[in-house]
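Undergrad: Let's see this in three dimensions:
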Amino acid sequence: MPSNLLVLVLGAFLAITPTYAGKFRGAIAANNSNAEKSLLEELGSDARQDRIKDLEHAMMTTYHALPKGADGHLGHDAVRYILHRLFIEQRGWFIRGLETSSSTSAQYIQTNWVPSYLQGILEKRYGENGISLHELAALAATLEDLIAQEAMGRFQALDGYVKLSKLVSAEEFKKFVRIFMIIYLRNENVPASDMEELNAYTERFMRGYRGWGETMEFLEQLLESSTQLTAEGLVDIDQNRNIFNDIGLKFHKLNDRQCRELKSTLVAFEEKPGRVHLGHFYNKSRYSHWTFKEKPDYLRAIGALDETEPGVQRLVISNYVQSMSNCLNSSSIYSMCCRNECEDLLAHLEKHVAAPVATTDQIMELVAGLPSESVSAPRKLADNLSSRLQEIAALHNGKVPLYSRLFAQWMHHAYPRECPYPHASGTISPQSPEEWVQQNGTSSTWESDAAMDEFISISCKADSHEGSTSDLPWHAEEELLLGGVHAHSQSTANQANDNPSHVLAHAALFSIVLVAVWYLFQPDDITSADVLPQHRRDNGPNMNNPLYTKIVHALALLMLSVIADPIFVAIIVVPGFLVLKVAPCVRGRLAVSRKLQHSKD
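TA: Numbering: from 1, shown residues only. Below is the predicted model of the structure:
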């Protein structure tokens, strides 16, 4: 990444990142010097090699399976993808800027500087040929360092506000951690001017936060396993600072339980595999603790609305559960989101295939024996899954690319409750509710229960079962997820070249060229006037000359060939023309020259 672009990206990040000013806020602004310093330390420190090796091991299976450049290293998009997989799987961290190009908009990559900035440093240092596994692990470690610095910034701000002693009782420390947890959950200012107001606010928050009981259980387990006490039974704040970073490192365990509960709730009243009638979705919020109130426009924007059946709107469960609507914005660098269960399934395929492409037989065998939370195994895969997989392979020279849109869609059909439906690049905008409000000026949820009830009434009147089918939508648009526009164009070209009709067109074109060449080289009485240059002739070109006519016809056919398929012409026709035409002409010129010389002699 050019240095001037890095400055622009960094500036955009600093402009939107809240900082600490007097009272504590939800995030601390990292800066470019800290980020670069941390990255270089991770790359060069022998003391941190054990940590780097652990990260290398965690990414090794996916790293070996991903497509690489000629030097065996990962390209730009693949680096972001594997880091996204690592953090969402191990921590539940959805780091903006690590999404694949097909699942995010340029706005997010531009305004969230951290991954792009650090990746740019590596590419500038090692060239743009790709990043090795070791460098990738150092990049991951650096992101973790920045997040740990953010946690320490929160701790220091809160400590300066509360003014704890260096040694406190276990109960005082627990109360302090509890306040820190509230700051983590809110990621914004706590409206308090003194400790009395802060304590009152804390009590209100604990009563109003639906999952506070589970949160306190998580905190108590963390404190019990991590708190170090002095001989007097007191807590040394400095020796227990790691607990504040551990909250962000381990909170995904609690979040995973809540995500599974959300998914189970939706699956319980699905209308077809992985789909819930939108009216039923809203109606569920009437008699449960879930607040399912996102408006159809917002659900459509984030890719969670299925409208393939005319007049019927359905919620796509996997897309909704994993959407930003269900993420906790607990950091300036990441959001705590539901894990993509499909990536766990893909990891199984990566382990056994160890390549970016696989045969249809390999995939069918592996998937038939691969269970998920909602799919039992072993199982016999449906015939339509087999035929769809064959169609994908036919577009890619007989192999199925694991990191393609069509294969992701195939996985959605095989595991509709775990694998999200993959939308084509640029067709959705995975925004958080707050970002939706900023962009559109309206709420992402129904403004009133009356408006939502009216929608439920209208939508439920339509009999969604009449004439409907259990088949899930299938769209044939293809793109390689790790190659951006270039990969998409390459995929499109492969589709065209492998298409039967295109093969027939090539055959017809080749036949035309052969006929033209044959016609051009039919024997004629070639004299010196036919071969000699124009300035050696007495008269102008003879339009009735057989050779002249043949050349004109051949050039016309050649122009048609170029229009039909320039690559084909460049590879086959032009070299063939040079070999078959130029060589005989040269020989003819030499023969005439010798004949004229012989006549002079």
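Undergrad: Would you map the helices across the stretch 51-200 of the chain?
TA: Remark: helices assigned in the stretch 51-200 of the chain by DSSP state H, counting those that start in this stretch are 76-90, 106-111, 114-126, 133-162, 170-186, 195-208.
Undergrad: Kindly report which one of those carries the lowest mean pLDDT.
TA: The minimum mean pLDDT among these belongs to helix 106-111 (a mean of 46).
Undergrad: one step back: could you dump the helices of the stretch 51-200 of the chain into TSV and include distance to Val276 and mean neighbour count?
TA: Every residue, glycine included, has its C-beta placed from N, CA and C. As requested, the helices of the stretch 51-200 of the chain are exported to TSV (distance: least, C-beta to C-beta, whole Å; neighbours: other C-beta atoms under 10 Å):
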stretch	distance to Val276	mean neighbour count
helix 76-90	24	21
helix 106-111	28	14
helix 114-126	34	20
helix 133-162	35	20
helix 170-186	28	18
helix 195-208	28	12
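Undergrad: who are the neighbours in contact with Arg405?
TA: Contacts for Arg405 (C-beta atoms under 8 Å, 6 or more residues apart in numbering) come out as Ser102, Pro422, Ala424, Glu477, Glu478, Glu479, Leu480, Leu481.
Undergrad: before we move on, back to that, for Ile302, which of the helices of the stretch 51-200 of the chain is the nearest?
TA: helix 106-111 (12.8 Å; C-beta to C-beta).
Undergrad: Just give the nearest non-adjacent residue to Thr230, would you?
TA: Nearest non-adjacent residue to Thr230, counting by C-beta to C-beta, 6 or more residues apart in numbering: Asp236, 5.9 Å away.
Undergrad: For that neighbour, list each beta-bridge partner.
TA: Note on Asp236: beta-bridge partners Leu167, judged by DSSP bridges.
Undergrad: Just give me the neighbour total for it.
TA: Asp236 has 15 neighbours, counted by other C-beta atoms under 10 Å.
Undergrad: ok, so what distance separates it from Lys253?
TA: Going from Asp236 to Lys253 by C-beta to C-beta, to the nearest Å gives 26 Å.
Undergrad: cool, and Trp436?
TA: 29 Å.
Undergrad: Ok, Ser332 next?
TA: Ser332 is 22 Å from Lys253, by C-beta to C-beta.
Undergrad: remind me which residues of the stretch 351-500 of the chain are low pLDDT?
TA: 462-470, 483-500 (pLDDT under 70).
Undergrad: residue ranges for the strands of it, please.
TA: Per DSSP state E, counting those that start in this stretch, the stretch 351-500 of the chain has strands spanning 357-358, 400-401. These are given in chain order.
Undergrad: between these, which gets nearest to Phe87?
TA: strand 400-401 (23.9 Å).
Undergrad: Could you break this structure into its assigned domains?
TA: 1-147, 165-256, 341-419, 499-600 (automatic domain parsing).
Undergrad: circling back: emit the PyMOL select command for whichever of the contacts of Arg405 are buried.
TA: Listed next is the PyMOL selection for buried residues among the contacts of Arg405, using 16 or more other C-beta atoms under 10 Å:
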select buried, resi 102+422+478+479+480+481
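Undergrad: List just the nearest of the contacts of Arg405 to Asp453.
TA: Distances from Asp453 to the contacts of Arg405, taken by C-beta to C-beta, are shortest for Pro422, at 33.6 Å.
Undergrad: The closest one is in contact with Ala408, isn't it?
TA: Yes. Contact between Pro422 and Ala408 holds when scored by C-beta atoms under 8 Å: they sit 3.9 Å apart.
Undergrad: Overlap of the contact sets of these two?
TA: In contact with both Pro422 and Ala408: Leu481, using C-beta under 8 Å, 6+ apart.
Undergrad: picking up where we left off before, show me which of Ser332 and Lys253 is the more surrounded one.
TA: Shown here are Ser332 and Lys253; by other C-beta under 10 Å, Ser332 has more neighbours (24 against 13).
Undergrad: now the closest residue in space to Gln362 that isn't next to it in sequence: how far from Ala200?
TA: The shortest distance from Gln362 to any non-neighbouring residue, by C-beta to C-beta, 6+ apart, is to Val353 (6.2 Å). Between Val353 and Ala200 the distance is 58 Å, computed by C-beta to C-beta.
Undergrad: Leu385 too?
TA: Remark: distance between Leu385 and Ala200 (C-beta to C-beta) = 58 Å.
Undergrad: same deal with Thr359?
TA: 65 Å.
Undergrad: which residues touch Leu139?
TA: Contact partners of Leu139, counting by C-beta under 8 Å, 6+ apart, are Leu39, Glu42, Val79, Leu83, Leu118, Gln119, Leu122, Ile131.
Undergrad: Let's have those residues in TSV, adding distance to Ala451.
TA: Converted to TSV, the contacts of Leu139 look like this (distance: C-beta to C-beta, whole Å):
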residue	distance to Ala451
Leu39	50
Glu42	52
Val79	45
Leu83	41
Leu118	45
Gln119	44
Leu122	50
Ile131	50
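Undergrad: Go through those residues and say which is closest to Leu164.
TA: Nearest member of these to Leu164, counting by C-beta to C-beta, is Glu42, at 31.7 Å.
Undergrad: could you say what helices and strands the helix or strand hosting Ala347 packs with?
TA: Here Ala347 is covered by helix 341-353, with elements defined by DSSP states H and E. For helix 341-353, the elements it packs on are helix 49-65, helix 76-90, helix 360-368, helix 405-414, judged by 3 or more C-beta pairs under 8 Å, 6 or more residues apart in numbering; DSSP states H and E.
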